[in-house]
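[1] Turn this into a structure:
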Amino acid sequence: MADWSLLTSHGRLLLAIEKEPGLRVRDMADRLDLSERGVALILRDLREAGYVTSRREGRRVFYTVVPEKPLRKGALRDQTVGQLLELLS
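    Numbering: from 1, shown residues only. Next up, the predicted model:
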């Protein structure tokens, strides 16, 4: 049987950041079974779209989900990322 998930890698990464905002990219990659490069690209997508913010403290970068950001497309575009993450948590 094929290995698949109901959530995209973007959605899974949002959940991981929401649960553990101090995760390093390496830890995110390990938890989601993705490459560090893949996580970095997804983080770029999420930051550019306004779903995640980042701040640097010393050598560490901390990521935060922007819960009031509306979902992008379709019937759920009137819902926010925070509402979705609350349902999935």
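[2] Could you use CA atoms for every contact and neighbour count after this?
    Will do.
[3] Tell me where the protein has strands.
    52-57, 60-65 (DSSP state E).
[4] among those strands, which is the most enclosed?
    strand 60-65 (a mean of 18; mean count of other C-alpha atoms under 10 Å).
[5] so what's the residue positioned nearest the centre of the chain up against?
    Nearest to the geometric centre of the chain sits Leu14, at 2.1 Å (C-alpha atoms, centre = their mean). Neighbour list for Leu14: 65, 85 [criterion: C-alpha atoms under 8 Å, 6 or more residues apart in numbering].
[6] ok, now Glu20?
    Glu20 neighbours (C-alpha under 8 Å, 6+ apart): none.
[7] Mind naming the longest helix for this structure?
    helix 36-48 (DSSP state H).
[8] Please compute how far that one lies from its chain's middle.
    Mean C-alpha position of helix 36-48 versus that of the full chain (C-alpha atoms, centre = their mean, to the nearest Å) differs by 9 Å.
[9] which helices and strands does it pack with?
    Secondary-structure packing of helix 36-48 (3 or more C-alpha pairs under 8 Å, 6 or more residues apart in numbering; DSSP states H and E): helix 9-19, helix 25-32, strand 52-57.
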